[in-house]
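>>> Pasting the sequence and the predicted coordinates here, then a few questions.
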Amino acid sequence: MSPATLADVVAALERRYPPRTAESWDAVGLTAGDPAAPVRRVLLAVDPVAAVVDEALAWDADLLLTHHPLYLRGVHSVAATTYKGALVHRLVRGGCALYTAHTNADAARGGVAEALADALGVVDTVPLVPVPAPALDKVVVFVPADHADALVDALASAGAGVLGDYERAAWTTTGEGTFTPLEGAAPAIGAVGRREHVRETRVEMVAPRTDRSRVLAALRAAHPYEEPAYDVLELAPEPGPTGLGRVGSLREPVTLAAFAAAVAGAVPATAQGVRYAGDPDMLVRRVAVLGGSGDSLFDAVRAADVDAYVTADLRHHPASEQQERAAFEAGGGAPRPALVDLAHSASEWPWLVRAAAGLVADLQAQGTTVETRVSTLRTDPWTGHVPQTASTQPEGTP
């Protein structure tokens, strides 16, 4: 197989993790690199920190793919007088591009949330906060039966008829149409003042609402009638298959203490370790997960009716208020959901393995190839943890 170019790799990544699905505040995509440059080796990591750049250059990587952006806000300079600018210069001098897939990878099928759920044994998952599927129209048009195939082709070329992994999807049925051309008409069939009966086909196809003008223009151009008869129906929105977080079930219920221990064993070790809030003996069956900082989604988690919520970066006040509210609403029972708190990078690391495998498979399907490596460097900023017991506390400590 021939080596891939950076443009090939970027195209493959953006098919899996479309940049348009990133949050509005995010900064994803290519930070540095020449799209025409060959890419033989890709290093994947959570954070674009100096130690990871060292690893990429030492391995002679052509691309560093990270989850977190190096630059989250706009800048006017990448001079090497700042630590971030210095990293960019080192990458450029070493012939290594930098690409980021962040919140677009969080929400994607096969992305960060699904990888975390899989690592924890959570099955039958759906998005915690679904991204609505693109708004669709259904176009219904009546056309002489012998023109139906040509009309379907024209509408499909304009973007209609795509359903998942299928294209040119249409439903048709045949009946009889009738009309009487009036004075001034130039009918394709029949004559002015004479009632006509024509064997017609009803064609139905869905199309993205954003393509409505193009689809209707194609309809008019391909239709033999002077005045085509058609309807455009706006379909009700429905949840899409992507979105923030995932909700699913464990194959067998376990206690919260056992579940937290399993979580600790499924993600990279960090100084923080794994904390949990809740009755250690409560049973956990239904679980919500979110890689990265997750206390902003407590409302969605409560609505999902789960026993435990696994995420990262839980702050004191939101976590405390969530547990107080849960205890109040439980009315003496075990507060739900329990909270399981990970280090930020540990919650996102499992995706790297899946992203590496997906990239290789996608490029091989196109006749190119790359070698991938997933960094195992610990990029969590905390480097130590001191367990505390009552005997280590100063006298009088509350």
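Perfect, I can see it now.
>>> who are the neighbours in contact with the spatially most central residue of the chain?
Closest residue to the average C-alpha location of the chain: Ala108 at 1.8 Å, with CA atoms, centre = their mean. Contacts of Ala108 were listed using CB atoms under 8 Å, 6 or more residues apart in numbering, and they are Arg16, Tyr17, Pro18, Thr21, Thr242. Every C-beta, even on glycine, is put in place using the N, C-alpha and C of the backbone.
>>> most neighbours, which of those?
Most neighbours among the contacts of Ala108, by other CB atoms under 10 Å: Tyr17, with 27 neighbours.
>>> per-domain residue ranges of the protein.
2-105+349-374, 112-131+241-342, 136-234 (automatic domain parsing).
>>> And the first one, end to end?
According to CA to CA, to the nearest Å, domain 2-105+349-374 extends 22 Å from its N-terminal end residue to its C-terminal end residue.
>>> Using CSV, please lay out the contacts of Ala108 together with secondary structure and pLDDT.
As requested, the contacts of Ala108 are exported to CSV (DSSP: H, G, I helix; E, B strand; the rest coil; pLDDT from 0 to 100):
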residue, secondary structure, pLDDT
Arg16, helix, 95
Tyr17, coil, 96
Pro18, coil, 93
Thr21, helix, 89
Thr242, strand, 88
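>>> Relative to Cys96, which of those is nearest.
Tyr17 (20.2 Å; CB to CB).
>>> dump the residue contacts of the closest one.
By CB under 8 Å, 6+ apart, the neighbours of Tyr17 are Val28, Ala101, Asn104, Ala105, Ala108, Gly111.
>>> tell me the contacts of the first one?
Listed by CB under 8 Å, 6+ apart, the contact set of Val28 reads Tyr17, Pro19, Ala22, Pro69, Thr100, Ala101, His102, Thr103, Asn104.
>>> What residues does Ala308 make contact with?
Counted by CB under 8 Å, 6+ apart, Ala308 has contacts Leu256, Phe259, Gly278, Val284, Arg286, Val287, Ala288, Pro337, Ala338, Leu339, Val340.
>>> ok, 6 Å please
Val284, Val287, Pro337, Ala338, Val340 (CB atoms under 6 Å, 6 or more residues apart in numbering).
>>> any idea whether the first one is helix, strand or coil?
What that stands for is Val284. strand (DSSP: H, G, I helix; E, B strand; the rest coil).
>>> Can you show me the helices along the stretch 51-200 of the chain?
83-93, 103-107, 112-119, 148-157 (DSSP state H, counting those that start in this stretch).
>>> give me the low-pLDDT residue ranges for the stretch 51-200 of the chain?
Scanning the stretch 51-200 of the chain for pLDDT under 70 picks out nothing.
>>> Strands along that one, start to end?
With strands called from DSSP state E, counting those that start in this stretch, the stretch 51-200 of the chain shows them at 63-66, 97-100, 122-132, 136-144, 171-179, 196-208.
>>> Any chance of those in a markdown table with distance to Val247 and mean neighbour count as columns?
Shown next, in a markdown table, are the strands of the stretch 51-200 of the chain (distance: least, CB to CB, whole Å; neighbours: other CB atoms under 10 Å):
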| stretch | distance to Val247 | mean neighbour count |
| --- | --- | --- |
| strand 63-66 | 27 | 28 |
| strand 97-100 | 27 | 24 |
| strand 122-132 | 5 | 17 |
| strand 136-144 | 25 | 20 |
| strand 171-179 | 33 | 12 |
| strand 196-208 | 28 | 18 |
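>>> Go through these and name the closest to Gly292.
strand 122-132 (12.5 Å).
>>> helices or strands next to that closest one in the packing?
Counting contacts by 3 or more CB pairs under 6 Å, 6 or more residues apart in numbering; DSSP states H and E, strand 122-132 is packed against strand 239-255.
>>> which one of the contacts of Ala108 is nearest Ala271?
With CB to CB as the yardstick, the closest approach to Ala271 among the contacts of Ala108 comes from Tyr17, at 29.6 Å.
>>> give me the element Val310 is part of.
strand 308-312 (DSSP states H and E).
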